[in-house]
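J.: quick one, what's the 3D model for this:
(chains A and B)
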Amino acid sequence: MLRVRSADGTRIALHEVGASDGPRVLMLHGFASSSQSNWVDAGWGRAFEEAGLRGIAMDLRGHGDSDKPRGENAYEVERFKEDVDAALEFIDAVPGEKIGCLGYSMGARLAYRYVGEEPGVFAALALGGLPAGEPFEDIDRQMADAALRGEVEPTGGTEFVVQLAKMLPEADPTTLLDLAFGVARTPFDPSVHPPVSPTLFMTGDKDDRADDTETMVPLLDDARFEPIPGRNHINAITSRKFKAGVIEFLQSHLG
Amino acid sequence: MAERSFPLPDLGEGLIEATILEWLVEPGQWVERNTPLVEVETTKSAVELPSPIAGTVKTTHGEDGDTINVGDTLITFEVADEEAGIVGTVPQEKKKERRVRLSKK
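T.: Below is the predicted model of the structure:
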């Protein structure tokens, strides 16, 4: 693991996952997860190693081994894009080198937004568990803070975000709320700057948090959707079908 | 031949049980060390557990969808007699400390 510095000074952790040689793939995990939990524990290291893919997994700011600055301003979408800038600066692709990107959920959303504005950075984009709209809609910060203090029962979107923020004991729930509310200031709209790179969408067919992934396919020039059979938002990450689909796709575009 | 069994490991975070999502091996199958054995789901995430040894799978304990407790037997291997009786655990993936390389290749 090493850390790179993002534009605002936040240190962003990068982990090597998979083969030590081969095409490189930037890996972006989901909200309230980490490179360790989303990729390593779920077996992506072994899968990538076998496939000859060299993953560079980034801990999103506020997660894992990256810094966890306080306050919503630290988690504006622009800050996350600068984190990807810093990771790519480290990766320092040689001319002609094809780099891939694999993201899950919030990480997939970040990849989608990043590539939309920086076309050509990635030769292929594999996006798992990505809903077609903004997942942190109608969230209320006062309610969320009160819910963390145990004073109220949160409802609607706020209940969802509080539940996620409390999921990882090593994470600080207040920081994760800062993050969710910071990111939500720029609601996700997939029709704005859709990626031009070849894109594979995969989502569990029992994923009720991302049951509309397929609706994004027509927005992109070169995209397809494959369901992950029998899986939901949490347990899709270990699926053989998910791994095999992503690997086949990345190998065919990065080779 | 003798048998060697491994329990469901402590998955951390105070979790006491996990649900079997999908067995990736079956009885009679030879597996190498580190071969993925099973996917399990906790309330928080999903984890793939690799084989702690090379050997022939004798019994997989629990069906897909079953909930098992940490410490309950997960898998039994057939091993040579001299390897029997060794107590072990199914290892969880350890945090990798390898540095991301600076080189292009």
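J.: what packs against the helix or strand hosting A:Ala144?
T.: Using DSSP states H and E, the element containing A:Ala144 is helix A:141-148. The contact analysis (3 or more CB pairs under 8 Å, 6 or more residues apart in numbering or on different chains; DSSP states H and E) places helix A:141-148 against helix A:156-165, helix A:173-184. In this view, the C-beta of every residue, glycine as well, is placed from N, C-alpha and C.
J.: of all those, which one comes closest to B:Leu15?
T.: helix A:156-165 (16.5 Å; CB to CB).
J.: up against chain B, what does the stretch 151-255 of chain A have?
T.: Neighbours of chain B within the stretch 151-255 of chain A, by CB under 8 Å from any CB of the partner chain: A:167-169, A:234-240.
J.: now do the same end-to-end measure for stretch A:153-172.
T.: 19 Å (CA to CA, to the nearest Å).
J.: from the middle of its chain, how far away would it be?
T.: Centroid separation for stretch A:153-172 versus its chain: 18 Å, with CA atoms, centre = their mean, to the nearest Å.
J.: what residues sit buried inside it?
T.: Within stretch A:153-172, the residues that qualify as buried are A:154, A:157-158, A:160-162, A:164-165, A:167-168, A:171, counting by 16 or more other CB atoms under 10 Å in any protein chain shown.
J.: which residues in chain A form strands?
T.: With DSSP state E as the criterion, chain A has strands at A:2-5, A:11-18, A:24-28, A:54-58, A:100-104, A:124-128, A:199-204, A:223-228.
J.: who does the fifth one pair up with?
T.: Strand pairing for strand A:100-104, determined by DSSP bridges: strand A:24-28 (parallel), strand A:124-128 (parallel).
J.: ditto for the shortest one
T.: Within its sheet, and counting by DSSP bridges, strand A:2-5 is paired with strand A:11-18 (antiparallel).
J.: could you check how far B:Gly55 is from chain A?
T.: Distance of B:Gly55 to chain A, computed by CB to the nearest CB, to the nearest Å: 18 Å.
J.: OK, contacts around that residue?
T.: When contacts are counted by CB atoms under 8 Å, 6 or more residues apart in numbering or on different chains, B:Gly55 touches B:4, B:30-31, B:77-79.
J.: circling back: highest average neighbour count across the strands paired with strand A:100-104?
T.: strand A:124-128 (a mean of 27; mean count of other CB atoms under 10 Å in any protein chain shown).
J.: and the pLDDT for residue 14?
T.: Unless you meant another one, I'm taking chain A. Predicted confidence (pLDDT) for A:Leu14: 98.
J.: can you look at chain B instead?
T.: 78.
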